[in-house]
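> predicted model and sequence follow; I will ask about them next.
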Amino acid sequence: MPTSTPLEQAVRDQLDRYFKDLGGSAPSDMLAMVNLCVERAVLQVALERTDGNQTRAAEMLGITRGTLRKKLHIHQISA
């Protein structure tokens, strides 16, 4: 079994905290929740690292500028 990366370990640590915060309640739609949270953070970081340049951010993310704009709209991120 390959060792986890620091990013994977950070996600695992946060999920452990999430389960503790639930206090025994069952999670719902956990994968969608994590995907949305991670995607939002990645979009924000890409925009920060490119000083808001959407073309460069899209290239950094490996998506088209149109796709980036759709995702920004979904996450209500202004650029």
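Noted; the coordinates are in hand. All figures in this text were calculated on a predicted structure; none of them were measured in a lab.
> from here on, contacts and neighbour counts on C-alpha atoms
OK.
> ranges for the helices of the protein?
Across the chain, reading from the start of the chain, the helices by DSSP state H fall at 6-22, 30-49, 54-61, 65-74.
> ranking those helices by burial, who's on top?
For those, the largest average neighbour count (mean count of other CA atoms under 10 Å) is found in helix 54-61, namely a mean of 17.
> now do that helix against helix 65-74, angle only.
Going by axes from the mean of the first three to the mean of the last three CA atoms, to 10 degrees, helix 54-61 is angled at 100 degrees with respect to helix 65-74.
> determine the set of other helices and strands touching helix 54-61.
Packing partners of helix 54-61 (3 or more CA pairs under 8 Å, 6 or more residues apart in numbering; DSSP states H and E): helix 30-49, helix 65-74.
> now the residue sitting nearest the centre point of the chain: how far from residue 23?
Closest to where the C-alpha atoms of the chain average out (CA atoms, centre = their mean) is residue 38, at 1.5 Å. Per CA to CA, to the nearest Å, residue 38 is found 23 Å from residue 23.
> where does the prediction get shaky in this structure?
1 (pLDDT under 70).
> excluding chain neighbours, what is closest to residue 56?
The shortest distance from residue 56 to any non-neighbouring residue, by CA to CA, 6 or more residues apart in numbering, is to residue 50 (6.3 Å).
> backbone phi and psi for residue 64, please?
According to degrees, to the nearest 10, the main-chain angles of residue 64 amount to phi -80, psi 160.
> contacting residues around it?
The contact partners of residue 64, taken as CA atoms under 8 Å, 6 or more residues apart in numbering, are residue 58.
> ok, it to residue 47 distance?
14 Å.
> nearest to residue 55, of the helices and strands packed on helix 54-61?
The closest approach between residue 55 and any of these, judged by CA to CA, belongs to helix 65-74 at 5.7 Å.
> report the distance from the closest one to the chain centre.
14 Å (CA atoms, centre = their mean, to the nearest Å).
> what's next to that helix, contact-wise?
Helix 65-74 is touched from outside by 43, 54, 55, 58, 59, 78, 79, with contacts defined as CA under 8 Å, 6+ apart.
> wait, which of those residues is closest to residue 17?
Nearest to residue 17 among the contacts of helix 65-74, counting by CA to CA, is residue 43 at 23.6 Å.
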